[in-house]
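In: My questions concern the predicted model and sequence given below.
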Amino acid sequence: MNPTIRAAVTSGLMTLAWAAQAAPQAKPEHTEVWSPEPARVMPASANRAPSDAVILFDGQGVGEWVSSAVVASPAAKPVPWSGADGVLTVRPGSGDIQTRRTFLDYQLHLEWRVPAGLKASGQNKGNSGLFLSTGTGNGYEIQVLECAANKTYANGQAASIYKQFTPLVNACAAEGEWQTYDVIWTAPRFAADGRLESPAYVTALHNGVLVQNHVALRGETLYIGEPGYRKHGPAPIKLQEHGEAVSFRNIWVRPLDR
Ligand code: MG
């Protein structure tokens, strides 16, 4: 038989066999799943987190946060940043802050604003950062930086995974405007002996625009040198103090490993 005809006949027979197999039970119910049902969650709105979220900052105090510098102290000092007027603002020179709680995998929402009129440029214009996990100390940073009119290296601009992944696009709003990050974080997993079993993954939207699409991180963020992994478990989320009065609001997280 001609090979083309043989292939056509084989294909036709396979289709007939599939149809014959499906025919006796060709009811829609056979492919419906009714249980278990997903848990009911009231969705987010402009000023409200989803009903199952952990509120990290909603303008009602900074109790979920602690100074990174004194986190090892049994009597950790209050967060050194300003939480006045419903906005969490970096106090330049005071150091980073981090959550009291630790997290593994999660969905996070955060809003940030770089003050208008900064005279600096490059990495010094409205620099802060969202560390998705403090890891073993260096952590994993999504950059916060003025980026509507500010030139810097592409893998260090806003919405980059700092020095690892350039954002897919520049979705920045103008300086002085509130901007959003929505992030899906999958923590890295390690074997008992410290070997990396699976890397961290990040999907991120900046102002609703996809900027990181399930990228596999190369390790914790380094300013100098190549990133790398060292074993860690659930860890805090951290916000960076980089000398400029960047503000945050409406921060919530939905742990995904519960
Ligand atoms: Mg930064």
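Out: Received it, and whenever you're ready, just let me know what you need.
In: and the gap between the most centrally placed residue in the chain and Gly117?
Out: Central residue of the chain (CA atoms, centre = their mean): Val183, 3.0 Å from the mean position. Separation of Val183 from Gly117 (CB to CB, to the nearest Å): 28 Å. (Glycine included, C-beta is placed from N, CA and C.)
In: and what of Ala26?
Out: Using CB to CB, we find Ala26 at a distance of 68 Å from Gly117.
In: what pLDDT, on average, does whatever helix or strand the residue nearest to the centre of the chain lives in get?
Out: Per DSSP states H and E, Val183 falls inside strand 179-186. For strand 179-186, the mean pLDDT works out to 98.
In: Go ahead and report the secondary structure state at the residue of the chain found nearest the ion.
Out: Minimum separation of the chain from the ion (CB to the ion) falls at Gly129, amounting to 3.2 Å. Each residue gets one of three states, and Gly129 gets strand by DSSP: H, G, I helix; E, B strand; the rest coil.
In: For it, which non-adjacent residue is spatially closest?
Out: Leaving aside its sequence neighbours, Gly129 sits nearest to Gln240 (CB to CB, 6 or more residues apart in numbering; 3.5 Å).
In: where does the protein come near the ion, residue by residue?
Out: Within the chain, the residues that sit near the ion (CB under 5 Å from the ion) are 127, 129, 240.
In: dump the residue contacts of the second one.
Out: When you say that, I think you mean Gly129. By CB atoms under 8 Å, 6 or more residues apart in numbering, the residues touching Gly129 are 141-144, 162, 238-240, 242.
In: quick check, Glu29 in a helix?
Out: Yes: counting by three-state DSSP, Glu29 falls inside a helix.
In: partner residues bridging the residue of the chain closest to the ion?
Out: For Gly129, the beta-bridge partners under DSSP bridges are Gln143.
In: Check the gap between it and Ser94 for me.
Out: Gly129 sits at a distance of 15 Å from Ser94 (criterion: CB to CB).
In: re the thing from before, chain center to the helix or strand just after the strand holding Val183, what's the gap?
Out: Following strand 179-186 in sequence order, the next helix or strand is strand 189-190 (DSSP H and E). In this view, strand 189-190 has its centroid 18 Å away from the chain centroid, taken as CA atoms, centre = their mean, to the nearest Å.
In: Which neighbouring elements make contact with the next helix-or-strand element following strand 189-190?
Out: Per DSSP H and E, the first helix or strand lying C-terminal to strand 189-190 is strand 196-198. Contact analysis of strand 196-198 by 3 or more CB pairs under 8 Å, 6 or more residues apart in numbering; DSSP states H and E lists strand 189-190 as its packing neighbours.
In: Can you spell out which helices and strands pack onto the strand it packs on?
Out: Applying 3+ CB pairs under 8 Å, 6+ apart, we find strand 189-190 packed against strand 196-198.
In: ok, residues contacting the strand it packs on?
Out: With contacts defined as CB under 8 Å, 6+ apart, strand 196-198 is touched by 188-191, 229.
In: what does the average pLDDT come to for it?
Out: Rounded mean pLDDT across strand 196-198 is 98.
In: What of stretch 70-77?
Out: 64.
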